[in-house]
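Visitor: 3D, please:
(chains A and B)
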Amino acid sequence: DQQVKQNSPSLSVQEGRISILNCDYTNSMFDYFLWYKKYPAEGPTFLISISSIKDKNEDGRFTVFLNKSAKHLSLHIVPSQPGDSAVYFCAASLFGNEKLTFGTGTRLTIIP
Amino acid sequence: KAGVTQTPRYLIKTRGQQVTLSCSPISGHRSVSWYQQTPGQGLQFLFEYFSETQRNKGNFPGRFSGRQFSNSRSEMNVSTLELGDSALYLCASSLDPGDNSPLHFGNGTRLTVT
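Guide: Model prediction:
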């Protein structure tokens, strides 16, 4: 039972445009959500997080939106840069950083 | 500050053997978690340790075990290896469990079972 789903395995975006990565979850008890970026042969790198009491969090070019009623999470990257090409994972937990449930990832390719 | 260090980076084992993977967390981090990444499955939680005690465990068989030492370093062990255990095993550390500090991951150990 996949509680966190990333339905788009891949996404291609022109450099300078907005990249939007989506994530859906089924467990309404999830309290904390995170996005990680992963390059080949490296471990995931933390990007941005959001608590369930918020609906938006920004950090530079990265913004995460949370729609609790739709159980939907999205990551916006503006503007997209070639270095953003990577696999992006969303993750959720019931309590802080414990026992994260990850999606299967979306491979983002930025086209120069 | 050094990141999370995992050794070895690559490992090839035969079915039926056992394997031990090692993880050194970021200095000052007391919580260590382990995740398995396989193609198409994303990252799946194995277990979490804090103060040498297992706090949480994922849905993996008893062949998967781990421990944490007094210096917060952690090891995980897989006994009686199966072909399906081939995966990237990732260790992550954080300051304390259950807070909102993000997990910091190592580069993983790539285990291949033949």
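
Visitor: before we move on, which element is the residue most central in space within chain B in?
Guide: Nearest to the geometric centre of chain B sits B:Trp34, at 3.1 Å (Cα atoms, centre = their mean). For B:Trp34, the host element (DSSP states H and E) is strand B:31-38.

Visitor: pull the helix or strand just after that strand out as PDB, backbone CA atoms only.
Guide: Where DSSP H and E defines the elements, the next helix or strand beyond strand B:31-38 is strand B:42-50. In PDB, the C-alpha atoms belonging to strand B:42-50 read as follows (Å, rounded to 0.1, in the frame of the first residue of the first chain):
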ATOM      1  CA  GLY B  42      11.500   4.400  -3.500                       C
ATOM      2  CA  LEU B  43      13.000   4.500  -0.100                       C
ATOM      3  CA  GLN B  44      11.600   2.200   2.500                       C
ATOM      4  CA  PHE B  45      12.200   2.600   6.200                       C
ATOM      5  CA  LEU B  46      14.100  -0.100   8.000                       C
ATOM      6  CA  PHE B  47      14.700   1.000  11.500                       C
ATOM      7  CA  GLU B  48      15.700   4.000  13.700                       C
ATOM      8  CA  TYR B  49      18.100   4.100  16.700                       C
ATOM      9  CA  PHE B  50      18.600   6.600  19.500                       C
END
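
Visitor: by contact count, what packs against whichever helix or strand comes after strand B:42-50?
Guide: Reading on from strand B:42-50 to the C-terminus, the next helix or strand found by DSSP H and E is strand B:53-57. If contacts are counted by 3 or more Cβ pairs under 8 Å, 6 or more residues apart in numbering or on different chains; DSSP states H and E, strand B:53-57 sits against strand B:42-50, strand B:64-68. Quick note: C-beta positions are derived from backbone N, CA and C, even for glycine.

Visitor: now the angle from the shortest one to strand B:42-50?
Guide: An angle of 40 degrees separates the directions of strand B:64-68 and strand B:42-50 when computed by axes from the mean of the first three to the mean of the last three Cα atoms, to 10 degrees.

Visitor: relative to strand B:53-57, how tilted is strand B:64-68?
Guide: Using the same axes, to 10 degrees: strand B:64-68 against strand B:53-57 is 140 degrees.

Visitor: and what of the longest one?
Guide: For strand B:42-50 against strand B:53-57, the angle between stretch directions is 150 degrees (the same axes, to 10 degrees).

Visitor: and strand B:42-50, is it in reach of chain A?
Guide: Yes: using Cβ under 8 Å from any Cβ of the partner chain, strand B:42-50 reaches chain A at B:Gly42, B:Leu43, B:Gln44, B:Phe45, B:Glu48.

Visitor: re the thing from before, ok, of the helices and strands packed on strand B:53-57, where does mean pLDDT dip lowest?
Guide: Per-segment mean pLDDT for the helices and strands packed on strand B:53-57 reaches its minimum on strand B:42-50, at a mean of 93.
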